[in-house]
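> the following block contains a protein sequence and its predicted model.
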Amino acid sequence: MSTSAEPRVSGLEVRSIDYVPLDERHGKLWHLGPLWFMSNAQIATLAVGLISITEGGNLIWSLLAIVAGTVIGTFFMAFHSAQGPQLGLPQMIQSRPQFGYVGALLVWLFAYVQYAGFNVFNTSLAGESLDATIHGGVKLWVIVVTVIAFVIALVGYDIIHKAERFLTYTFLVIFGVFTVGVLVTLHYPAGSFDLGAFKWTPFLAQFGVVAGYQISWAIYVSDYSRYLPPDVTVRKTFYWTYFGSALGGIWLMVLGTLLAAWAGDSFDTIPSINAAGDKVFDGFGAIVLLFAALGLISVTALNMYGGSLTLISAIDSFKRVRPTLGVRLLTIGVTAALSLIGALAATSNFLTNFNNFLLLVLYLFIPWTSVNLMDYYVVRRGHYAIAEIFKPNGIYGRWGWQGIISYLVGFVVMIPFFSVGTLFVGPAAKALDGADISLFVGLPVSALLYWWLTRSIDVEAETRIAEAEAAALETAAHEHREP
């Protein structure tokens, strides 16, 4: 029973970056499967599967690149998910033990840009989908979508989980029929399934974008598992997150590749989905787009929710924040407003910008995910003094030089391997005809460097501190204050 000084408002989540006490843990582990399935099973993900086809790759190798990128990228994000029940904390606040109380602002800034950036794309697509079916103007629907997503994000954790479960069941019916229609009614160019037509550049471009897209979820995952009890185990948390996200991602990205191969140069996301749906039966394309808009609303709410947590974390680095409903309302509102302004102002080519944005996300978060997972699973092996994470002068310090150095070095060594369309192609990528293998450089460099720099950390001493502060941590959480 809660003894908080500020009673919970019925239906609205009050907690934000604070620790979730053990007697408030709830939910079922399998709920992670539908949540991460549906988070990926929306048409912004479909657009991720277009890259290889638009850069000259054939269909079969595009499909293989999607599967390979998903298998590898999802591996990292699912391991982050397992941190939530064990620590009872949202994802990005967990960066403090590696980067420091203030130093974690480095990755929080990038994370917040990601949340806002994805919402620009999500709300734009949702607006186009609704305008194509109901009409009324894209900008009007962008506003409507943003407002609905804001309400969902404000209600919080439980309603997001429930909405994603409902949408998953509906998705299986509507997109199941749509997928069968795509496979049966559409025809593809000659050579689409020729394994001898392999090209490194479009294959690695598709692989990199897919892996980056999946890794980009790493900054979200503990946000939606932190209310689960710690006895759910790391292994099972990993499995439900991994298979939910991977299946949703592969399904939609494969659909994107199939539609792009079928439509060729005339491909345009919303009209092509509409046209392909109408080949099943007249008007079915509109049904697909209407449901797609609901999926985009739900993932927009996820971005607002995570953006709020990240913004609160950043503010807390300068002035300690007492977690309240008012703080959540303000930060969700700011996040919604920023993405709305971006969506209303967006005029550039969607696919080109989305491709470049995904690659930039990959580059920025490869060294972070590498450092964070190395710290959790190898260096500290899941043992953290959680109360110290909220102390400016606690044992984790204001600046975690081991994490910051490992991040920056990992990022720098990736630069020669960057290949971002027409924006930048590094010398190593040029030597590989534009192929991007930066993922395979940044991951091991950051991880191994961090491991080497943290050999002197006394994990046993930190564990003793955690045990001594455990009771006070639970008390502070019940009183809705930081320890």
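Cool, got the structure.
> how about the strands in the chain?
419-420, 424-425 (DSSP state E).
> lowest average confidence across those strands, which one?
Of all the strands of the chain, mean pLDDT reaches its minimum on strand 419-420 (a mean of 78).
> on that earlier part again, need the strands of the chain in JSON lines with distance to residue 240, can you?
All C-beta spots, glycine's among them, are computed from the backbone N, C-alpha and C. Converted to JSON lines, the strands of the chain look like this (distance: least, Cβ to Cβ, whole Å):
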{"stretch": "strand 419-420", "distance to residue 240": "34"}
{"stretch": "strand 424-425", "distance to residue 240": "38"}
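> now, of the ones you listed, which is deepest in the fold?
Most buried of the strands of the chain, by mean neighbour count (mean count of other Cβ atoms under 10 Å): strand 419-420, with a mean of 22.
> strand partners (parallel or antiparallel) of it?
strand 424-425 (antiparallel) (DSSP bridges).
> got the contact list for the partner strand?
418, 419, 434 (Cβ atoms under 8 Å, 6 or more residues apart in numbering).
> buried stuff in stretch 39-51?
Under the neighbour-count criterion of 16 or more other Cβ atoms under 10 Å, stretch 39-51 has 39-51 buried.
> and these, which of them are in helices?
When DSSP state H defines the helices, the subset of those inside them is 39, 40, 43, 44, 45, 46, 47, 48, 51.
> quick one: the closest residue to the first one other than its chain neighbours from residue 244, how far?
Nearest non-adjacent residue to residue 39, counting by Cβ to Cβ, 6 or more residues apart in numbering: residue 299, 5.6 Å away. When distances are taken as Cβ to Cβ, to the nearest Å, residue 299 and residue 244 turn out to be 14 Å apart.
> and what of residue 229?
Distance from residue 229 to residue 244, counting by Cβ to Cβ: 19 Å.
> what does residue 407 give?
28 Å.
> go on, residue 175?
Residue 175 is 15 Å from residue 244, by Cβ to Cβ.
> please apply the same query to residue 329.
Residue 329 is 30 Å from residue 244, by Cβ to Cβ.
> and these two? Which one has more around it.
residue 244 (27 against 14; other Cβ atoms under 10 Å).
> residues in contact with the more buried one?
Counted by Cβ under 8 Å, 6+ apart, residue 244 has contacts 32, 33, 34, 35, 36, 37, 40.
> the closest residue to the fourth one other than its chain neighbours: what's it in contact with?
If you skip the residues right next to it in sequence, residue 35 has residue 164 as its closest partner in space, 4.4 Å away by Cβ to Cβ, 6+ apart. Residues counted as contacts of residue 164 (Cβ under 8 Å, 6+ apart) are 34, 35, 37, 38, 39, 298.
> pretty sure the fifth one is touching residue 248, no?
Right, residue 39. Yes. Using Cβ atoms under 8 Å, residue 39 makes contact with residue 248 at a distance of 6.9 Å.
> which stretches of the stretch 251-400 of the chain have low pLDDT?
Counting by pLDDT under 70, the stretch 251-400 of the chain contains low-confidence ranges at 347-355, 358-359.
> now do the helices in it.
269-278, 284-316, 325-345, 350-374, 386-389 (DSSP state H, counting those that start in this stretch).
> with distance to residue 462 added, can I get the ones you listed in TSV?
TSV is the format used below for those (distance: least, Cβ to Cβ, whole Å):
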stretch	distance to residue 462
helix 269-278	49
helix 284-316	21
helix 325-345	29
helix 350-374	16
helix 386-389	8
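> so which of those helices gets nearest residue 239?
Among these, helix 350-374 comes nearest to residue 239, with 16.7 Å by Cβ to Cβ.
> top of the contacts of residue 164 by number of neighbours, please.
residue 35 (29 neighbours).
> hang on, residue 49 packs against residue 251?
No. Distance between residue 49 and residue 251: 9.8 Å, which falls outside the contact criterion (Cβ under 8 Å).
> and residue 149, what does it touch?
Counting by Cβ under 8 Å, 6+ apart, residue 149 touches 119, 123, 297, 298, 300, 301, 304, 336.
> next one: it relative to residue 123, how far apart?
For residue 149, the distance to residue 123 - Cβ to Cβ - is 8 Å.
> what do the two both touch?
residue 300.
> ok so, going back, mind listing the shared neighbours of residue 299 and residue 244?
With Cβ under 8 Å, 6+ apart, residue 299 and residue 244 have no common neighbours.
> quick one: contacts for residue 119?
Residue 119 neighbours (Cβ under 8 Å, 6+ apart): 146, 149, 300, 303, 304, 307, 335, 339, 342, 343.
> how many residues are close by residue 256?
Residue 256 sits with 25 neighbouring residues when counted by other Cβ under 10 Å.
> leaving out sequence neighbours, find the closest residue to it.
Nearest non-adjacent residue to residue 256 (Cβ to Cβ, 6+ apart): residue 49, at 3.1 Å.
> mind listing what the one you found touches?
Going by Cβ under 8 Å, 6+ apart, residue 49 touches 62, 66, 206, 210, 252, 253, 254, 255, 256, 257, 260.
> distance-wise, check the first one relative to residue 418.
Which is residue 62. 22 Å.
> those two: which is more packed in?
More crowded of residue 62 and residue 418, by other Cβ under 10 Å: residue 62, with 28 against 20.
> how about that one, nearest residue that isn't a chain neighbour?
What sits nearest to residue 62 in space, not counting adjacent residues and going by Cβ to Cβ, 6+ apart, is residue 52, at 3.8 Å.
> I'd say the one you found and residue 257 touch.
Yes. With contact defined as Cβ under 8 Å, residue 52 reaches residue 257; the gap is 7.0 Å.
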